Each structure stands twice: as structure tokens, then as C-alpha cells.
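Peer 1: Using only what follows, build the 3D model:
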Amino acid sequence: LALSMIDGSARHAHDTESTLPAGYTYLGQLINHDITHDVRGGNHPVNARPGYRYTGTPQLDLLSVYGNNFDFLDDSGRFTLSLVSKRYYDMPRPRPNPDGKPGQADIADNRNEDNLAVSQLQVLFMALHNISCDAHKIDSRTDAISLVYPAVAKCFCHLARHDYLPRVVNHAVLRRVAAGTRYFYFPDRDGLYMPLEFSGAAFRFGHSQVRPRYRWSLNPAGYPFEITALQLIDATGLGNLPHPGVGLTKPWMMNWRYFFPGSAAESAIANRAMRINPLLSFDLSQLPHSGAGILAFRNLLRGWKQYDLPSAQALMQRAGMADPLPEAELLAAAADFMDAATLGWFVESGLHRDTPLWYYILLEAHASYGNHLGELGSQIVSEVIVQLAERSMQELEHCKVMPIALFEERVANKSLRIRDVLDHVLSKEPGKFAT
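Peer 2: Numbering: from 1, shown residues only. Predicted coordinates for the structure are as follows:
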């Protein structure tokens, strides 16, 4: 099944772009890292600091950036950022790193250095924190934690709920969830937790959105400099940096206009995420740092053996939800990605009636053209993010929050976008991000 999901060198008929700007693939990854590292899971990412283990919470609280106890703020309450070419902001990369590995970032959750795009998103929120400290003349960790952190976390929570989520789910399902329809996630009854149906299947849809290549930055001649999906992953402190030991260089800095366009002209040249379907870019079958480099195989295996997830059909039956993809429609969708022999095996093995949850969610998205998730995927993802956002905002409401210029009104009317955050940071720190 995993092998049928690999997009080979010949362009597949269904390997097409969606309408979603590609940056939202990686904003989704940052959101994922912030909420899916439940301390009860016991699986702590290795950090550059000896003995440090990020634990995290199943909340939209941005602790994947700040650390368990705000460990990554200095005495003045600010993040330390490195500079590339003496200009562009990058992760803090002390030389040499404590573990001796060149270029590794000194951050709380090393998953945020899985690739260059999610790394740059973390840097954006670190920079937002720092300029907010400057704006309010904060000069201590205590004041930064109590006054600035809640404002930045509130922006992040809002972006997850009102900028990211509506772009990736079915709007009718989102409206029902916002009105109270629930099938899978009941934190009021069970306390905050991270459901495996979400973390082990539904929220892995973003893997199918990864492009084989991206317009990335401008080369010295001024033409778009492209980067492959594998280079995006491998050119980090956890991979093989272009210049080991000295961090990144200018051509490797992400040009934000290609990922979060801010105008019609920028939109015309921006990267678009791939459509959501059971087809993953070929580079995602060649992953480094893994015994099984085929990402589709890893996801399917984890769902089956590690997480013991029910099939999509069993899950919906247990939850009392009608199956939105009847057998005939499921097989028609699967036939778009399987040859006759593979489809015959798929039916013979009973997977058309007992479908792995992650695979089903990708299939049903394809059946509705792949610009967003289908009914089941939208239901699971919306239930979790809507309720986590509500809980997280409630936690932050009691804080004495320092206002961030322009943001209060946009948060109130639910119009804040990630590009607004970038533009605000650049208005205070011109030239620190490539555009």
C-alpha cells in the first residue's frame, strides 16, 4: 500500500497543485509540533542541550518554541537569534554545539528543525516576541513571561484556529463543529489529551501536500532558486547543512513571498501546496535519519502496530458517524492511484472495507478534489483544533497581555493572518526575513 503512494519520476495524473499557498503546509507542521507532544507519551525529542528534554502539552501554547519553563529566554526576556550573512534571522546556532554536531540549533523542540520552512516559522515567532519586548521596554525574564509571552501565544492560537484551520477543512463540517457537533474528542469529559486518531492519522494529511520542488529564494542573478523537498529536510542542523558549522547562507533563506503571498502579484508566483490525496512526493520515500525512509510506510506501520488505530470504517461505526465514502466511491478513488493488480490485492485483503485511517482520510479528500480534507478528516481535525483553541484562549484570557500593534483588532474580528505577523515584524526589523 505504501509503495502505491510514492509519486515516481514521471508526473502522475493526480499530482497536481491545490489552491492553498504552500506555507500553510509548514504552519500546520509547527501547529502539530506544538500540540502533539503530550508528556504522557514519553517520547522526548533529543535536544542540543545535554540533559534537556522538552515535554510539551496538548495545547496551543507555543511551548515548543519557548520551552517547558521558558528555558530559551535570556536574562532580558528575549530569544537569542543568529544572523545569516550578517542580516537574516536564523535559529540560535552556538558554535560549537554542546553535542559537537555542527549547525544544530539550540531550541526546545528539535522537530522544529525538521526542515528549513518550519525552522523559519519558529524564527518568526521568536522575532515577534523580541520586538514586542522592545516595544514595551521589557528588560526581565519575569516580565517577558507574564506580559509578552501570552500575547504572542494568543496570536499563534488565533492563527491556528482562524487562519490555518478554515483553509484545510470542509467549511460545512467546521461550522457544525463550532456549533457543538462532536464524535471523537471530548476534553470536557476526559481532560485535555491528544487523540491518536488525530496525531497518528488525520493530522498527517500534510505529508501529501509537500511539493517535489519549491521556488525558494533568489540566486545572485535574481532568478528563482529552487529547492527539492529532500533538500528542504536535509539542509538543517539535523541534516547536512550547506556549509557545516557556519549555519545557513543567504541563498538558503526562505523567501516568504513564495510561501505566504501578500499581494496578487506575489500570489501569481507563489508555491502552491499539492492536493490532498494518497500520493506523496518521491523525496518522502528517501528520508534521512530513519531506518525506514519511506514516509508512507512509516505512517501506515505506526498506525497499525504502534498506535493500534481502528480502521476508518470501524471508527465511524463506533462513533455513530455515517460513512461519507461508500464502497464504490472508495474503490473508484483508490483506482486513481493503483494498477489493476494492486487494486485487486486491496480488495482481496479486505482493505476496501477495513481501510487504514490515514489512507482513508487521504482518499476521501481526493474524492472531493483535494483542496481540503473530506468529511471524516475535517471532523477529526476540526474537533481537536477548535476545542484546543477554545481552551488555550481561555487560559490566556486571564493574563495581563501587552498589546501587539495592529493585532488586537484583527484577533477580535478573526482576521489576523500569518502574513500580517511577518509584515509587522519587518516593519520593526526591516530586512531580517527575505521577501
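
Peer 1: Pass me the low-pLDDT residue ranges in this structure, would you?
Peer 2: 8-15, 37-48, 50, 95-103, 189-190, 220, 237-250, 288-292, 398-406 (pLDDT under 70).

Peer 1: Helices of the stretch 51-200 of the chain, start to end?
Peer 2: Counting by DSSP state H, counting those that start in this stretch, the stretch 51-200 of the chain has helices at residues 63-66, 116-135, 141-143, 149-158, 165-168, 171-178, 187-190, 196-199.

Peer 1: May I see these organised as JSON lines, with mean neighbour count and distance to Ser368 added?
Peer 2: Just so you know, the C-beta spots here come from the backbone N, C-alpha and C atoms, and that holds for glycine as well. Conversion of the helices of the stretch 51-200 of the chain to JSON lines gives the following (neighbours: other Cβ atoms under 10 Å; distance: least, Cβ to Cβ, whole Å):
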{"stretch": "helix 63-66", "mean neighbour count": "25", "distance to Ser368": "31"}
{"stretch": "helix 116-135", "mean neighbour count": "23", "distance to Ser368": "26"}
{"stretch": "helix 141-143", "mean neighbour count": "15", "distance to Ser368": "48"}
{"stretch": "helix 149-158", "mean neighbour count": "24", "distance to Ser368": "27"}
{"stretch": "helix 165-168", "mean neighbour count": "21", "distance to Ser368": "12"}
{"stretch": "helix 171-178", "mean neighbour count": "17", "distance to Ser368": "11"}
{"stretch": "helix 187-190", "mean neighbour count": "11", "distance to Ser368": "28"}
{"stretch": "helix 196-199", "mean neighbour count": "22", "distance to Ser368": "20"}
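
Peer 1: so which of these comes closest to Leu218?
Peer 2: helix 116-135 (15.3 Å; Cβ to Cβ).

Peer 1: centre of the chain versus that closest one, how much separation?
Peer 2: Relative to its parent chain, helix 116-135 has a centroid offset of 16 Å by Cα atoms, centre = their mean, to the nearest Å.

Peer 1: Could you list the alpha-carbon positions for that helix in CSV?
Peer 2: Provided in CSV are the C-alpha atoms of helix 116-135 (Å, rounded to 0.1, in the frame of the first residue of the first chain):
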residue,chain,number,x,y,z
LEU,A,116,14.0,24.8,6.7
ALA,A,117,10.5,26.1,6.3
VAL,A,118,9.2,25.1,9.8
SER,A,119,12.5,26.4,11.1
GLN,A,120,11.9,29.9,9.6
LEU,A,121,8.4,29.9,11.1
GLN,A,122,9.8,29.3,14.6
VAL,A,123,12.2,32.1,14.0
LEU,A,124,9.3,34.4,13.0
PHE,A,125,7.6,33.9,16.4
MET,A,126,10.9,34.3,18.2
ALA,A,127,11.4,37.7,16.4
LEU,A,128,7.8,38.7,17.2
HIS,A,129,8.5,38.1,20.9
ASN,A,130,11.7,40.1,20.8
ILE,A,131,10.2,43.2,19.1
SER,A,132,7.2,43.1,21.5
CYS,A,133,9.7,43.2,24.4
ASP,A,134,11.4,46.1,22.8
ALA,A,135,8.1,47.9,22.1
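
Peer 1: This completes my enquiry, with thanks.
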